[in-house]
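# this one's structure only:
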């Protein structure tokens, strides 16, 4: 994963010995989480935004909604897309690292493609899309305004400002809180007799009714996806499972399992990364624990967001707990 | 013709920005070349000395014959990375040994580690810079081995590829090395180290340990 | 011709400011990034910019210069920063142009002779644009360079100005820019008032230019006062904490 730290063999041994005895470098137990700070509504020009911070990891999420046509194969659904970008603080861009020769050959990042920021961004974006936006979590039909004609295109942009471990967890929390903060403007579509002829990009004539958007924030409806799953990442270090890893611990972990959990503790998606293999019984236990941890996380997030209320942009709530 | 200098004379500049605090900011005038010499963090323009960093103004007098040196001590806003300069003491790790030179990677400069490991500074120790005596009898393999950590001094900026380093002093040389069995070596003499576990002796150009 | 009055007869703009008043300036010097050697965050009204500085470090073989250091700059406009969401590539003309402007501006500011064979990288992320994002980018880079301890001649301060309803106005927001008219961007050295960046693309008379230019310089001074206070506060806090 995105590990920013280079550890010497002595430091690695120290960390592993600690894990074997149930302790971590910062004094936490193997199951203890660091507190999160969640802010919403920080970018007024977006439909919804949030920022999640946890001891170094800093994620900014912005949601922008746009009116467009529904996809041809699913005319009664809207479109949701996730885009992740790693800031220069996390990965100074490939162009400067790869050198001018890579530009001549048209490749980005040259031979070190795995280390370039763009490679990681695309990987994280696809992963987040698979884990947190599966069909069961998101009701895309509610995003359709007028079948075959108009549907909402929701663009979720995530900017990773700092990576210090637990990146996917923070990103899923950010996405969940940003979407909770989003309101879809209320739209009224004109009647059949008001349809206008319009030329599409292909030169084909297509009739489209006019639509009216009510820009007032109070007139909008909340985003119809209140249960975006939250990711919980567990790492395997010397056959012990470590939760909410820091970046040093991530670089020592032989394998990592990320579980997407919904508010009922059900496991929505699982992803494993890393080179080592995981023992199946251990994995089952991890899934069960992840369910519990995920529910806790969601409960605390909901409680904090309820306290925030609407119309209060920069109010912070500490979110921290211990997973027993 | 310097139009700007006529428009804003030197004295005028200070009027707009009276010194509120003990710290100086870049562009602030801090002296004249007749009174001080420029040190680190200070640059000279048209006879006046200006600060080029944010920090505290420091005036040092090393000997009475020369003018005192004024420098700006960085307040350490975020820590500045280090660039090897001539005369700096560096710690380097040996990567390759040839009969006439040793290639290494510079790990720290004057005690400050180099954080960016993607494109590290390279250094070379030439045969004549290993030690000051019996240069023609030096066998590189008896002085250094790959992965040794060496304390050296920067002799010159060298060519575009690497800095020139030297270990030709008593307290320069190998500070940490691993024996062939993989255990750390302990210094015995200026040219010998002993494995901590197997007690085997290996030749190195050893740095004198500081007491 | 827009019917909107951008400067009321009492002398107030649509957001309640006076023509010579800059927007709320907030900044954070350092502490924004864990990896970068210097970082800063600047807010001018709603416009938000982040800057990171890496360096000095060993220059890449092809770009290395022996007489002085190499400065690179990369700008990234977040897709959600503008009113219409648009994902821009790194080679988008607008961003490349801005990166070049910033690079050239700071090449005259940084004492590159002290950084022979080394490279200094600047990265800018624009998070939200409400007018004046170029100025915010330049100000953020300046603060990030100070944070990194890079030797600079003087602080470079940038601000934009325009001319509407017969008066020069400074630090325009997007609504005022969309009204058309002059948009002048100035990057000035705070103490010597030498101009390092000047950008304008409108047809105006020399008198209008003179008024706008002077208003912009005054605005840069106000900005610098705010910036210097922030830099001093951060530095003092660090000195005392040692």
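It's in. Because the structure is a prediction, the values reported are computed rather than measured. Numbers count the residues shown, from 1 in each chain, chains lettered A, B, ... in the order given.
# going forward, measure contacts and count neighbours with C-alpha atoms only.
Noted.
# pretty sure residue A:294 is in a helix, no?
Yes: remark: residue A:294 belongs to a helix, assigned using DSSP: H, G, I helix; E, B strand; the rest coil.
# so who does the residue positioned nearest the centre of chain B touch?
Most central in chain B under C-alpha atoms, centre = their mean is residue B:88, positioned 2.6 Å from the mean C-alpha point. Taking C-alpha atoms under 8 Å, 6 or more residues apart in numbering or on different chains as the criterion, residue B:88 is in contact with B:109, B:110, B:153, B:154.
# from the residues you listed, which land in strands?
Among the contacts of residue B:88, the members falling in strands (DSSP state E) are B:109, B:153, B:154.
# what are the bridge partners for the first one, then?
According to DSSP bridges, the partner residues bridging residue B:109 are residue B:90, residue B:112.
# read off the pLDDT value for residue 74.
Going with chain A. We note a pLDDT of 83 for residue A:74 in this prediction.
# the chain in question should be chain B.
At residue B:74, the predicted lDDT confidence score is 69.
# then residue C:99?
pLDDT, residue C:99: 94.
# and what of residue A:118?
73.
# checking it next. Helix, strand or coil?
Assigned by three-state DSSP, the conformation of residue A:118 is helix.
# how many neighbours does the closest residue to chain C within chain A have?
Closest approach of chain A to chain C (C-alpha to the nearest C-alpha) occurs at residue A:89, with a separation of 5.8 Å. Other residues near residue A:89 come to 24 when the count uses other C-alpha atoms under 10 Å in any protein chain shown.
# go ahead and confirm it touches residue A:161.
Yes: here residue A:89 reaches residue A:161: they are 6.4 Å apart, a contact under C-alpha atoms under 8 Å.
# next one: whichever residue of chain C sits closest to chain B relative to residue B:33, how far apart?
Nearest residue of chain C to chain B, counting by C-alpha to the nearest C-alpha: residue C:154, 4.0 Å away. The gap separating residue C:154 from residue B:33 is 19 Å, by C-alpha to C-alpha, to the nearest Å.
# neighbour count: those two, which is higher?
Between residue C:154 and residue B:33, counted using other C-alpha under 10 Å, the more crowded position is residue C:154 (27 against 14).
# where are the low-confidence patches of the stretch 101-250 of chain A?
A:101-117, A:191-208, A:215, A:217, A:225 (pLDDT under 70).
# same check, this time on chain C
Those would be C:1-3, C:239, C:241-242, if you go by pLDDT under 70 across chain C.
# so which residues on it come close to chain B?
Contacts of chain C with chain B, taken as C-alpha under 8 Å from any C-alpha of the partner chain, map to C:30-31, C:37-38, C:55-58, C:60-61, C:64, C:66, C:117-118, C:146-155, C:190-194, C:228, C:232, C:234-236, C:238-239.
# from those, list just the buried residues.
With burial judged by 16 or more other C-alpha atoms under 10 Å in any protein chain shown, the buried subset of the residues of chain C next to chain B is C:30, C:37-38, C:55-58, C:60, C:64, C:117-118, C:146-155, C:190-194, C:228, C:232, C:234-236, C:239.
# same question for stretch B:90-102, mean pLDDT?
92.
# got the contact list for stretch A:266-278?
A:1, A:130-132, A:134, A:229, A:253-262, A:287, A:291.
# list the buried residues of that stretch.
So, applying 16+ other C-alpha under 10 Å, buried residues of stretch A:266-278: A:266, A:267, A:268, A:269, A:270, A:272, A:278.
# in CSV: those, plus secondary structure and pLDDT.
Shown next, in CSV, are these (DSSP: H, G, I helix; E, B strand; the rest coil; pLDDT from 0 to 100):
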residue, secondary structure, pLDDT
A:266, coil, 87
A:267, strand, 87
A:268, strand, 87
A:269, strand, 88
A:270, strand, 90
A:272, strand, 90
A:278, coil, 85
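# out of these, which is nearest to residue B:176?
residue A:278 (38.0 Å; C-alpha to C-alpha).
# can you tell me how far the closest one is from residue A:32?
Counting by C-alpha to C-alpha, the gap from residue A:278 to residue A:32 is 21 Å.
# how about the longest helix along chain C: buried residues?
What stands out as the longest helix in chain C, according to DSSP state H, is helix C:206-241. By 16+ other C-alpha under 10 Å, the buried positions in helix C:206-241 come out as C:209, C:212-213, C:215-224, C:227-228, C:230-232, C:234-236, C:239.
# that older thread, what's the spacing between the residue nearest to the centre of chain B and chain A?
From residue B:88 across to chain A, the span is 25 Å (C-alpha to the nearest C-alpha, to the nearest Å).
# residue A:49 contacts residue A:62, correct?
Yes: between residue A:49 and residue A:62 a contact is recorded at 4.3 Å, counting by C-alpha under 8 Å.
# which residue ranges form the helices in chain B?
All helices of chain B, identified by DSSP H, fall at B:3-7, B:10-16.
# lowest average confidence across the ones you listed, which one?
Note on the helices of chain B: lowest mean pLDDT is at helix B:3-7, with a mean of 40.
# number of nearby residues for residue A:27?
Residue A:27: 10 surrounding residues under other C-alpha under 10 Å.
# assign a three-state SS to it, would you?
Going by three-state DSSP: residue A:27 is coil.
# residue A:232: what's it in contact with?
If you count contacts by C-alpha under 8 Å, 6+ apart, residue A:232 has them with A:168, A:169, A:244, A:258, A:259, A:260, A:261, A:290, A:293, A:294.
# let's go with 7 Å and repeat that
Residue A:232 is in contact with A:169, A:258, A:259, A:260, A:290, A:294, counting by C-alpha atoms under 7 Å, 6 or more residues apart in numbering or on different chains.
# do residue B:70 as well
B:36, B:37, B:38, B:39, B:58, B:59, B:60.
# what sits closest to it if chain neighbours are left out?
Once flanking residues are discounted, residue B:70 sits nearest to residue B:59: 4.5 Å by C-alpha to C-alpha, 6 or more residues apart in numbering or on different chains.
# the one you found and residue B:73 touch, don't they?
No: with contacts counted by C-alpha atoms under 7 Å, residue B:59 stays clear of residue B:73, the gap being 10.1 Å.
# those two: which is more packed in?
residue B:73 (18 against 14).
# right, and the more buried one touches residue B:52 too?
No: using C-alpha under 7 Å, residue B:73 is not in contact with residue B:52; the gap is 10.5 Å.
# what about residue C:50, which SS state?
strand.
# identify the residues contacting the closest residue in space to it that isn't next to it in sequence.
Spatial nearest neighbour of residue C:50, chain neighbours left out: residue C:41 (4.5 Å); criterion: C-alpha to C-alpha, 6+ apart. By C-alpha under 7 Å, 6+ apart, the residues touching residue C:41 are C:27, C:28, C:29, C:49, C:50, C:51, C:140.
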